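# Fold the following.
(2 chains)
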Amino acid sequence: MTEERKHTISLLVDNESGVLSRVTGLFSGRGFNIESLCVAETLDPELSRITLVTRGSERIVEQINKQLNKLINIRKVIDLTDTEFVEREMALVKVRAKEEHRAEILRIVDIFRCKVVDVSPGYYTVEVTGSDEKIAAILSLLKQIGVKEIARTGAIALAREAKK
Amino acid sequence: MEVLKEEGVDTIFGFPGGVIIDINDELDKTDIRYILVRHEQAAVHAADGYARASGKVGVCLVTSGPGATNTVTGIASAYMDSIPVVVFTGQVPTSLIGNDAFQEVDIVGITRPCTKHNYLVKDPKKLAETVREAFHLARSGRPGPVLVDLPKDVSQSKISFEMPPPPKMKSYSPHTEPHKQQLEKAIKLILKAKKPVIFAGGGVILSGAYKELTKFAKKLNIPVTASLMGLGGFPGTDRLWLGMLGMHGTYRANMSTGACDLLIGIGVRFDDRVTGKIDTFAQNAKIIHIDIDPTSIQKNVPITVPIVSDCKIALKQLNKLIEKVDLKELLKSRPNWLKQIEEWKNTTPLAYEQTDIIKPQFVVEKLYELTKGKAIITTEVGQNQMWAAQYYHFDQPNHFITSGGLGVMGFGFPAAIGAQLACPKKTVIDIAGDGSIQMNIQELIVAVANKLPVKVAILNNRYLGMVRQWQELFYDKRYAATNMEHAPDFVKVAEAYGAVGLRATRPAEVEEIIKKALATPKTVIMDFVVEREECVYPMVPAGKAITEMLLA
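Okay, the predicted model is just below:
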């Protein structure tokens, strides 16, 4: 058995109802795990892209890829893991913004190249995009100040084009 | 209807209901034969049996809600065994979907994990195209069941019809041609192997590779074993035949798989009932694996040479490649291996002892003898299934019809009805247990009504025998929930349904009863009162290596 490893898999699927549940049903039915999942339409309205992050040994991930390929509504399965690709996640973080912390919050926002997208008397809502490490890092800082709640997306990813 | 005819449908198994009245009404105007079953589960099993015996796609039509949910077991069984079946379910009108309407159920959601694919048709304009896709999916690649859910308003709508062209699906094109290089690698391994074994599975039957496999094995002088699903894929009376492999496989099949240096798996998926303890399975062997479904490969056992292909096509090409090779040297090394196998066969054959009580194995042997091995045999699940597999020697494909993967009790009898409809001239026998036959016994009336001369041989031990066997061996003979002493009188049941009921209680009567049944052109139930506590041997206890068999 090889070691378990994180894999980012990009799927192009028919944009119709029930497809997502075929994908998630496959994972739950066969005991594979999903760490995160993102779905949205592509430029072609007939197609959606599902970006899926999973974890498993080489054999398991090979099975995952094959099983996904077998689903009729899946047009293409691309395991990006061992290729060049860009990957981003986003989080919205609602931070307690007391008078004495506001400057500190803005400094962190600046360092991490984030944005404050909503301001209210007691709270700032910060938008962070980046890798999961970056999001984890800023979260650990903001937690010290006080985070009320967060909303996170899963990863989305695209292969890099060849550089000449 | 036009599409159904175009797809070659001549028989539909079904049960009516509110939302499919229109379809039944139209169906009645065609010359498609409609078989009215007595339970929807049986409709799918019958379609399954029909598909396996005929090589065509089996078709069912049932109503929404309970009609649809009753098909699930049949669908799951067909899915596990890769049998091409198309199931049409009625659905409440599209405007009511999601409203918990009367007899509404999300059958597409329910059957998603046990169909190859399924559809809810919302637009009547897409109906014809969808039906064509359904048939295409069911029969191509690795076959399997496809469900099409038809809301009442869709099936009621009148639109102008044009036959859609054969489907071209963007996301579905099964890989049927083997990779040349892989074939060459396989040949190299085969030529080097001193102790090879071929392990054939359901894929050989489904792809119609019987002739190619037989030629391949004989040319290279390689012994052949098979999974339950592969029986009949290679002649069961040939000298190279090892018998079935696995939990209740023959001694020589299991021993030779344990000792072989090359295992050639063809159309198999290395199911746990075959491999036993997985890390000891064929541990000395390199493995070549031919299968049309890439997910079967490397799923359970590591493979040396994977070949994704239709079995028939791959074997054809392998046979061609071998023609060019000088096999003289190679064939010299085979006799030792075959001698060893012969020894296993002689020291530890399949055996039982006939006393003054009827032994179930004896009944199956007599059935084999008196039908000259030419009958189509269906089975229920449990001991009856294993004895049928062990003692009826199948020389032809598509003659052994059993619920292999899912193991459905109540499968055999409706499947026999389906097989008999597909092959009216053949003798069709369901080898059953007294437990299994009570699931779907209501289909007797279907056999009688359609004048089907299906025969049922009940190996009646008044136990749920296979579970009882486990209890005897592993639970200190505590027979919890397996005693079936309270059973109907099967002879009277047969008569009540208008069939013929026969009973044998002594060994001497067995032959006479079978002869009588075979000579009766009607539905016959034979009730063989057999030894109560007979076990199926050899047996590999769960979790053990397949070479660690209990022999008696």
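# Only C-alpha atoms from now on, for both contacts and neighbour counts.
Fine.
# got the residue ranges for the strands in chain A?
Residue ranges of the strands in chain A, as given by DSSP state E, are A:5-14, A:34-41, A:47-56, A:74-79, A:85-96, A:115-119, A:123-130, A:147-152, A:156-159.
# what are the pairing partners of the fifth one, and which direction each?
Same thing as strand A:85-96. According to DSSP bridges, strand A:85-96 forms sheet pairs with strand A:123-130 (antiparallel), strand A:147-152 (antiparallel), strand A:156-159 (antiparallel).
# what's the closest of the ones you listed to residue B:12?
For the strands paired with strand A:85-96, proximity to residue B:12 was assessed by CA to CA; strand A:156-159 is nearest, at 47.1 Å.
# and the closest one, which residues are buried?
For strand A:156-159, burial by neighbour count (16 or more other CA atoms under 10 Å in any protein chain shown) applies to A:156-158.
# Let's have those in CSV, adding pLDDT.
Formatted as CSV, those follow (pLDDT from 0 to 100):
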residue, pLDDT
A:156, 96
A:157, 96
A:158, 95
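# now, which of those residues sits nearest chain B?
The nearest member of these to chain B, counting by CA to the nearest CA, is residue A:158 at 20.6 Å.
# and the gap between that closest one and residue A:83?
Distance, residue A:158 to residue A:83, by CA to CA, to the nearest Å: 10 Å.
# Could you list the contact residues of the stretch 51-200 of chain B toward chain A?
B:112-113, B:117, B:170-172 (CA under 8 Å from any CA of the partner chain).
# ok, back up a step: would you mind telling me which of the strands of chain A is nearest residue B:204?
Per CA to CA, nearest to residue B:204 of the strands of chain A: strand A:74-79, 27.9 Å.
# Just the C-alphas of the closest one, formatted as PDB.
The C-alpha coordinates for strand A:74-79 follow below in PDB (Å, rounded to 0.1, in the frame of the first residue of the first chain):
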ATOM      1  CA  ILE A  74     -19.000  12.600 -16.900                       C
ATOM      2  CA  ARG A  75     -17.300  13.800 -20.100                       C
ATOM      3  CA  LYS A  76     -13.800  14.100 -18.800                       C
ATOM      4  CA  VAL A  77     -11.800  13.300 -15.700                       C
ATOM      5  CA  ILE A  78      -8.500  15.100 -15.100                       C
ATOM      6  CA  ASP A  79      -6.400  14.200 -12.100                       C
END
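# So which residues make contact with that strand?
A:7-14, A:65, A:68-69, B:170-172 (CA atoms under 8 Å, 6 or more residues apart in numbering or on different chains).
# The helix or strand containing residue B:289 and chain A in contact?
Assigned by DSSP states H and E, residue B:289 belongs to strand B:286-291. No: applying CA under 8 Å from any CA, one finds strand B:286-291 out of contact with chain A, separated by at least 13.4 Å.
# which parts of chain B sit against chain A?
Within chain B, the positions lying close to chain A (CA under 8 Å from any CA) are B:112-113, B:117, B:170-172, B:294-295, B:298-299.
# Near chain B, which residues of chain A? Just list them.
Neighbours of chain B within chain A, by CA under 8 Å from any CA: A:22, A:25-26, A:29, A:59, A:63, A:66-67, A:71-76.
# Adding pLDDT and neighbour count as columns, could you present those residues in CSV?
Shown next, in CSV, are these (pLDDT from 0 to 100; neighbours: other CA atoms under 10 Å in any protein chain shown):
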residue, pLDDT, neighbour count
A:22, 96, 19
A:25, 95, 16
A:26, 96, 18
A:29, 94, 10
A:59, 92, 17
A:63, 95, 20
A:66, 96, 18
A:67, 96, 18
A:71, 96, 18
A:72, 95, 20
A:73, 95, 24
A:74, 96, 25
A:75, 95, 19
A:76, 96, 15
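# Quickly check the residues you listed for the two that are furthest apart.
Largest pairwise distance in these, by CA to CA, is 23.5 Å, between A:59 and A:73.
# For the nearest residue to residue B:235 once chain neighbours are set aside, grab the count of nearby residues.
In space, and not counting its chain neighbours, residue B:235 is closest to residue B:395: 4.0 Å by CA to CA, 6 or more residues apart in numbering or on different chains. Residue B:395: 19 surrounding residues under other CA atoms under 10 Å in any protein chain shown.
# In this structure residue A:154 contacts residue A:36, no?
Yes: at 4.7 Å, residue A:154 and residue A:36 qualify as touching, with contact defined as CA atoms under 8 Å.
# Which one's more surrounded, the two?
More crowded of residue A:154 and residue A:36, by other CA under 10 Å: residue A:154, with 18 against 15.
# got a list of what that one touches?
A:36-38, A:52-53, A:89-90.
# Pretty sure residue B:404 sits against residue B:79.
No: at 10.6 Å, residue B:404 does not count as touching residue B:79 under the criterion of CA under 8 Å.
# Check what pLDDT residue B:173 gets.
On pLDDT, residue B:173 comes in at 88.
# so where's chain A uncertain?
Along chain A, the parts satisfying pLDDT under 70 run over A:1.
# closest point of it to chain B, which residue?
residue A:75 (4.6 Å).
# Measure how buried residue 102 is and give me the count.
I went with chain A, as the question did not name one. Number of residues near residue A:102 (other CA under 10 Å) recorded here: 16.
# you looked at the wrong chain, it should be chain B
11.
# if I look at it, how far off is residue B:79?
Remark: distance between residue B:102 and residue B:79 (CA to CA) = 29 Å.
# One more: residue A:137?
Using CA to CA, residue A:137 is found at 47 Å from residue B:79.
# ok, these two, which is more surrounded?
When residue A:137 and residue B:79 are compared for neighbours, residue B:79 comes out ahead with 23 against 12, by other CA under 10 Å.
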